[in-house]
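Undergrad: Sequence and computational prediction follow.
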Amino acid sequence: MTKYDYVIVGAGSAGCVLANRLTEDVNNQVLLIETGGSDKSIVIQMPTALSIPMNTEKYAWQFTSRPEPFLDNRRMHCPRGKVLGGSSSINGMVYVRGHAKDFDEWHQHGATDWDYRHCLPYFRKAETWAFGGDDYRGDSGPLAVNNGNEMKNPLYSTFIKAGLEAGYMETTDYNGARQEGFGPMHMTVKNGIRWSTANAYLRPAMKRSHLTVVTHAQVQRVLLEGKKATGVEYKHKGLIKKVLVSKEVILSAGSIGSPHILQLSGIGPRKVLEDAGIAVQHELPGVGENLQDHLEFYFQFRCKKPITLNGKLDPLNKLFIAARWFFMKDGLGATNHFESCGFIRSKAGVEWPDMQYHFLPAAMRYDGRSAVDGHGFQVHIGHNKPKSRGWVRAVSANPDDHPGIQFNYLSHEEDREGFRQCVRLTREIINQPAFDEYRGSEIQPGESVQTDEEINSFVRESVESAYHPSCSCKMGMDDMAVVDPQTRVRGLEGLRVVDSSLFPIIPNGNLNAPTIMVAERAADLIRGADTLPPSSAQVNMDTQWRERQRTY
């Protein structure tokens, strides 16, 4: 059995960051274990092909939830990255940090010093923003962030204009001083290529001799001696192998994988472990609980002008787009097509935005499996601060058996109210004068969907996961916390969890950016280094949020 200083489980959005930062110290021997394989595929590296890897067994765990009782018992698709780069190699490349108040909320819920002041320096450390650094944006980090094709399609700017006409603010940088409002959307693309954490962090680190990367290896459990983690057991090429650590095991297997591995190791709620036939090694009731996710639906309209991506979906156009990308790394192949967006509050009395828009100049499913005939456009909309909570639970002691997953989507009335507001507010925005020259008939939900019950029924039938599972190993100090504010598993030595599962509460936005930030800060905590000084940058918010839902 080989011995390393650190073993990192999962080469995803967090694991690649940790592999890079921990091996900056040449004295650290680090092993990174990944179940998937190489990310060197055109369908991963070409941004416009984003729907392919997330629906491919080779590159993603194809998890599904249990029947969701508040979604007409639908089983919801939950793909998770199974490739170098993890979910950053299969996601939509949207870069959203979340609102400053989301992180202040973490601090208030027991994740001490994970407030915005302490997190912002690590967001800045991680990125190189295409328009230069300032108090909010970084200019020398590994992660490239930009606006893709700079909103060349006129529908992008029309969406922003319609938001302003509806009375909302404009924000030139929602990752800067103010999230609330309408503006350009940011993506993790560099020189036309998906800039996953594998490209940004892992590939440079793999040049270091003290980093070992093992792919196609599935971790079975964490090895424990009493209350101390001593290594991991994993399956590789049909053989069960063990590796030991002198310092720490770090689970970065994501919000489904990390709690499942803990439970397979005998760490978790006693009843869950006993029901699965797993011997209890360390009772920790919060493992796998507090699961949260974002839902969204597509608000679709026909377009009166032939300017949408629906005109580019035939085989010949797809071939041309792919060929141009292959040789030039530009054009429609070099963007995720989500180039404008909005963040608004669902009602007066909500302090910071709880709704998010992604605008797409096409009318089609996110997974690319179907599109409307003719031309259309759509906006993805979700209520992003859900109250509903679910769980991840091992069903047996066999690591090959997928865990049971229950999100309990829309089990809370405030979440259902939020989605009713999504329908009504979005319909109002799209019906502003800015869209008059483009807007045709409403495809979805359809003009007949008006009453509360009609909207509720539409949402139950049509809403989809935004693929943001999180919070299943939450950070804090209460009895249901799994890790402490140092990211250490509570009650055990030598074991940490560093990925989106440790979020106490899901932020308002996509999860790749905050996951990378968490790993950047955790790397300093793991090394015992001084963390970056807290920021004094101010947050711009509507001071009249108690009285109004929008600016005017």
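TA: Structure received.
Undergrad: Scan this structure for its longest strand.
TA: Using DSSP state E to assign secondary structure, the strand with the most residues in the chain is strand 239-251.
Undergrad: Averaged pLDDT, the helix or strand just after that one. What do you get?
TA: The first helix or strand that comes after strand 239-251 along the chain, using DSSP states H and E, is helix 254-264. For helix 254-264, mean pLDDT is 98.
Undergrad: Any chance you could list what contacts the host helix or strand of Trp61?
TA: Assigned by DSSP H and E, Trp61 belongs to strand 60-64. The contact list for strand 60-64 (Cβ atoms under 8 Å, 6 or more residues apart in numbering) reads 53-55, 75-83, 90, 256-257, 402, 405. (Each C-beta comes from the backbone N, C-alpha and C, glycine too.)
Undergrad: all helices of the stretch 1-150 of the chain, in order?
TA: Here the stretch 1-150 of the chain has its helices, by DSSP state H, counting those that start in this stretch, at 15-22, 42-45, 100-108, 116-126.
Undergrad: the helices in the stretch 401-550 of the chain, which residues?
TA: Per DSSP H, counting those that start in this stretch, the stretch 401-550 of the chain carries helices over the ranges 413-430, 452-462, 512-527.
Undergrad: The longest one vs helix 452-462, what angle?
TA: Compare the direction of helix 413-430 with that of helix 452-462 by axes from the mean of the first three to the mean of the last three Cα atoms, to 10 degrees and you get 90 degrees.
Undergrad: how about helix 413-430 as PDB, C-alpha atoms only?
TA: Taking C-alpha atoms only, helix 413-430 is exported to PDB below (Å, rounded to 0.1, in the frame of the first residue of the first chain):
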ATOM      1  CA  GLU A 413     -45.800  26.500   0.000                       C
ATOM      2  CA  GLU A 414     -43.400  29.400  -0.300                       C
ATOM      3  CA  ASP A 415     -41.600  27.600  -3.100                       C
ATOM      4  CA  ARG A 416     -44.900  27.100  -5.000                       C
ATOM      5  CA  GLU A 417     -45.700  30.700  -4.500                       C
ATOM      6  CA  GLY A 418     -42.300  31.700  -5.900                       C
ATOM      7  CA  PHE A 419     -42.900  29.800  -9.100                       C
ATOM      8  CA  ARG A 420     -46.400  31.300  -9.500                       C
ATOM      9  CA  GLN A 421     -44.500  34.700  -9.400                       C
ATOM     10  CA  CYS A 422     -42.000  33.400 -11.900                       C
ATOM     11  CA  VAL A 423     -44.800  32.900 -14.400                       C
ATOM     12  CA  ARG A 424     -46.600  36.200 -13.800                       C
ATOM     13  CA  LEU A 425     -43.500  38.400 -13.600                       C
ATOM     14  CA  THR A 426     -41.800  36.800 -16.600                       C
ATOM     15  CA  ARG A 427     -44.900  37.100 -18.800                       C
ATOM     16  CA  GLU A 428     -45.000  40.800 -17.900                       C
ATOM     17  CA  ILE A 429     -41.300  41.300 -18.800                       C
ATOM     18  CA  ILE A 430     -41.600  39.600 -22.200                       C
END
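Undergrad: Quick one: distance of that helix to the chain centre.
TA: 22 Å (Cα atoms, centre = their mean, to the nearest Å).
Undergrad: Give me the helices and strands touching it, please.
TA: helix 154-165, strand 295-303, strand 355-360, strand 376-383, helix 452-462 (3 or more Cβ pairs under 8 Å, 6 or more residues apart in numbering; DSSP states H and E).
Undergrad: ok, 10 Å please
TA: Using 3 or more Cβ pairs under 10 Å, 6 or more residues apart in numbering; DSSP states H and E as the contact definition, the elements that helix 413-430 packs against are helix 154-165, strand 295-303, strand 340-344, strand 355-360, strand 376-383, strand 439-444, helix 452-462.
Undergrad: looking at those, which is buried most?
TA: strand 340-344 (a mean of 27; mean count of other Cβ atoms under 10 Å).
Undergrad: could you give the angle of that one to helix 154-165?
TA: Between strand 340-344 and helix 154-165, the angle comes out at 20 degrees (the same axes, to 10 degrees).
Undergrad: Sheet partners, orientation included, of strand 340-344?
TA: In the sheet, strand 340-344 lines up against strand 181-184 (antiparallel), strand 355-360 (antiparallel) (DSSP bridges).
Undergrad: quick one: which of those is nearest Ala11?
TA: The stretch from those with the least distance to Ala11 (Cβ to Cβ) is strand 355-360; that distance is 26.9 Å.
Undergrad: Can I get that closest one in PDB, CA atoms only?
TA: Extracted C-alpha coordinates of strand 355-360, given in PDB (Å, rounded to 0.1, in the frame of the first residue of the first chain):
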ATOM      1  CA  MET A 355     -35.200  34.600  -9.000                       C
ATOM      2  CA  GLN A 356     -32.800  34.100 -11.800                       C
ATOM      3  CA  TYR A 357     -33.200  34.400 -15.600                       C
ATOM      4  CA  HIS A 358     -31.000  32.800 -18.300                       C
ATOM      5  CA  PHE A 359     -32.000  34.100 -21.800                       C
ATOM      6  CA  LEU A 360     -31.600  31.900 -24.800                       C
END
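Undergrad: Quick one: mean pLDDT for it?
TA: 97.
Undergrad: Pull the distance from it to the chain's centre.
TA: Centroid separation for strand 355-360 versus its chain: 15 Å, with Cα atoms, centre = their mean.
Undergrad: got any ranges where the stretch 1-150 of the chain has weak pLDDT?
TA: For the stretch 1-150 of the chain, applying pLDDT under 70 flags the ranges 1.
Undergrad: quick one: the longest strand of the chain to helix 254-264, angle?
TA: Using the same axes, to 10 degrees: strand 239-251 against helix 254-264 is 120 degrees.
Undergrad: Buried residues, strand 239-251. List them.
TA: Lys241, Val243, Val245, Lys247, Glu248, Val249, Ile250, Leu251 (16 or more other Cβ atoms under 10 Å).
Undergrad: likewise stretch 232-241?
TA: Counting neighbours by 16+ other Cβ under 10 Å, stretch 232-241 gives Val232, Glu233, Tyr234, Lys235, Lys241 as buried.
Undergrad: Residues contacting it, please?
TA: Applying Cβ atoms under 10 Å, 6 or more residues apart in numbering, the external contacts of stretch 232-241 come out as 1-2, 7-9, 31, 33, 35, 214-223, 242-245, 249, 251, 261, 264-265, 399-400.
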